[in-house]
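**Q** For reference, the sequence and a predicted model appear below.
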Amino acid sequence: MRFDASVRVYPVWASKPRCGRPIYTLCVSLSPQDGNGAEVRLREAVTLKTLRRMVSRGEKFACLAAYDATTARWLERGGVHVLLSGDSAAQVVLGHDRTIDAPIDFLVQITAAIKRGAPKTLVMADMPFMSYHASVESAMLNAGRFMQEGLADVVKLEADATFAPLIDRMTRAGIPVCAHVGFRPQTTAVLGGPTAQGRTKEAMETLVDDAVALEAAGAVLLLVEAVPAEVTRRIVEATSVPVIGIGAGTDCHGQILVVHDLLGLTDHPPRFAEAVETLGERIKAAGAEWAERVRTDRIGGSRYTMRDQSGGSSGDATGGASGGTSRANTGGADSPEESR
Ligand code: KIV
């Protein structure tokens, strides 16, 4: 992050100005800027208390599933309150068809990456398939990994009321849990495909009972996926923790989407996901432009060639002895890039 320094000199009159002359005082103010020189608004870290306060004031909070530090950094700058290291990473990052293929080590790593990129955002870690089902002990240890190695603020489990004892145990150990109810993508194989939930009176009552039981067990947040708006309304009325929705109507306190769906990167997004960008098309155009520049030898001019130690061009793309291509390189006359 860069800082823009503005310097101002103010006259300060003493109570009895001598010779009518003011005393001058120098004020230097630093405003943080992003890589494009735009001012960055610094904010307080978002915590569970922040979300509760927003709920009590009737303010909605914004959540997104994201998967890397750079995207997280920009989303925090945009004012997103909660980032989820979703097991949807299996699909949008790793190219699998199902969320159950998300490896736990990978999710722990990207959770920490998101927190490093967005340190003032509440980061929620999605516990993947089989990381909390085999035994209470392995579930506890895996949740602990997300908290310690993954720097998570909250872990998320796909749950019905049968998970209440596990959530109770995690809560008593100091692990804040978000209980994900409604359509639970990790159960897709049992359902026979992605299926909206809570569509009969009986199914709605079961979901509301699940949500109440999970809050009673200690869940600090609820996430409701793919249910009719009436179910969400009932859950919001019956519980007192912040409720996040996805494809569940507008009655919840916060809303979440997969960032790839929001950015227009997904070929077949869910019906409820409305894109605000067409980044896929823009990446395609950028790729085509790059290919054309490479084909026609139009790449970057003198900036593209490192100097050798005599000050001339080395013709060595790595920049010779003092260059290198590391992204951690912090700059300098012979450095190929500034620190990200
Ligand atoms: O993994 C995921 O993307 C989710 C959604 C609820 C956003 O769990």
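**A** Yes, it's here.
**Q** Helices of the stretch 51-200 of the chain, start to end?
**A** 69-78, 89-92, 104-117, 136-148, 164-173, 188-191 (DSSP state H, counting those that start in this stretch).
**Q** Adding mean pLDDT, write the ones you listed out as TSV.
**A** Output for the helices of the stretch 51-200 of the chain, formatted as TSV (pLDDT from 0 to 100):
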stretch	mean pLDDT
helix 69-78	98
helix 89-92	98
helix 104-117	98
helix 136-148	98
helix 164-173	98
helix 188-191	98
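**Q** And these: which comes nearest the ligand?
**A** Proximity to the ligand, assessed across those by C-beta to the nearest ligand atom, is greatest for helix 89-92 (7.2 Å). In this view, the C-beta of every residue, glycine as well, is placed from N, C-alpha and C.
**Q** Check the burial of the nearest residue to R298 once chain neighbours are set aside by counting its neighbours.
**A** Leaving aside its sequence neighbours, R298 sits nearest to E292 (C-beta to C-beta, 6 or more residues apart in numbering; 8.0 Å). Residue neighbour count, defined by other C-beta atoms under 10 Å, stands at 10 for E292.
**Q** ok, and what's touching whatever helix or strand E292 lives in?
**A** Here E292, judged by DSSP states H and E, is contained in helix 279-295. Applying C-beta atoms under 8 Å, 6 or more residues apart in numbering, the contact partners of helix 279-295 are 263-267, 298-299.
**Q** Would you mark the buried spots in that helix?
**A** For helix 279-295, burial by neighbour count (16 or more other C-beta atoms under 10 Å) applies to L279.
**Q** which ones are touching the spatially most central residue of the chain?
**A** Nearest to the mean C-alpha position of the chain, by C-alpha atoms, centre = their mean, lies L83 at 2.9 Å. Neighbouring residues of L83 by C-beta under 8 Å, 6+ apart: 63-66, 72, 75-76, 114, 118, 121-124.
**Q** Turn those into a markdown table, columns for distance to the ligand and neighbour count.
**A** A markdown table is the format used below for the contacts of L83 (distance: C-beta to the nearest ligand atom, whole Å; neighbours: other C-beta atoms under 10 Å):
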| residue | distance to the ligand | neighbour count |
| --- | --- | --- |
| C63 | 8 | 26 |
| L64 | 8 | 24 |
| A65 | 4 | 24 |
| A66 | 9 | 31 |
| A72 | 14 | 26 |
| L75 | 14 | 23 |
| E76 | 17 | 21 |
| I114 | 13 | 30 |
| A118 | 16 | 24 |
| T121 | 15 | 25 |
| L122 | 14 | 24 |
| V123 | 13 | 26 |
| M124 | 9 | 28 |
